[in-house]
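**Student:** How does the following fold in three dimensions:
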Amino acid sequence: RGGGAERGRAAGGVGVAGGPGVVTLAVARGKKPAVIVCSDLVPEMLEVAKRHAADGAACGVPVHFDVVDAQDIPYDDDTFDAVTMAYGLRNMPEREKALSEILRVLRPGGQLACPDFSTPPNPAWNALYGVYLRHVVPFWGKVVTGDASGFVYLARSIPPSPPPPRVAHMLR
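**Tutor:** Next up, the predicted model:
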């Protein structure tokens, strides 16, 4: 492996599928690791994260930004004390492979934080949630940000994601 592994070796944590860096930078502020890595497959997302870091969102923690495919993480085994992948698992074509890669780069005793969305198992609640996702989320997203496109994507990306019991099985 390689490609940033030496830099990662000194890091306390890495944000995989870190997107705009919101969670990675929150970890930097809250946990104060020596160094943190924000990684994502999409360079444009990392540019947003870099702007947030430049504005002081990391509270002085050095942040490295790397273009990384979470399904083929270029860091050495047992590199990180913590890994975050917030709202990214549902976007992985090979979820088990991404989780296997995360486990590989986590040091023994390391921690994974992997929040994501899912749909309710109850059919009635799921139907209501579907209406909420398709109509309410994009509407309010457009009202608040002026652009509904990201919220339309969010509404479309949640229903095909695995249900919580399946995610729990994958994590085990």
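
**Student:** what does the longest strand seen in the chain contact?
**Tutor:** In the chain, assigned by DSSP state E, the strand with the most residues is strand 106-113. Outside strand 106-113, the residues that touch it by Cβ atoms under 8 Å, 6 or more residues apart in numbering are 23, 27, 78-86, 102-103, 171. In this view, the C-beta of every residue, glycine as well, is placed from N, C-alpha and C.

**Student:** Just the buried ones out of those residues, please.
**Tutor:** The neighbour-count test (16 or more other Cβ atoms under 10 Å) applied to the contacts of strand 106-113 identifies 23, 27, 79, 80, 81, 82, 83, 84, 85, 86, 102 as buried.

**Student:** So which of the residues you listed belong to strands?
**Tutor:** Using DSSP E, those in strands are 80, 81, 82, 83, 84.

**Student:** Nearest to residue 129 among those residues?
**Tutor:** Closest approach between these and residue 129, by Cβ to Cβ: residue 84, at 25.1 Å.

**Student:** Could you check how far that closest one is from residue 127?
**Tutor:** 32 Å (Cβ to Cβ, to the nearest Å).

**Student:** Residue 106 too?
**Tutor:** Counting by Cβ to Cβ, the gap from residue 106 to residue 127 is 38 Å.

**Student:** so where does the residue located most distally from the centre of the chain fall, helix or strand?
**Tutor:** In the chain, the residue that sits farthest from the middle, by Cα atoms, centre = their mean, is residue 124; the gap is 29.4 Å. Residue 124 is located in helix 123-131, with elements delineated by DSSP states H and E.
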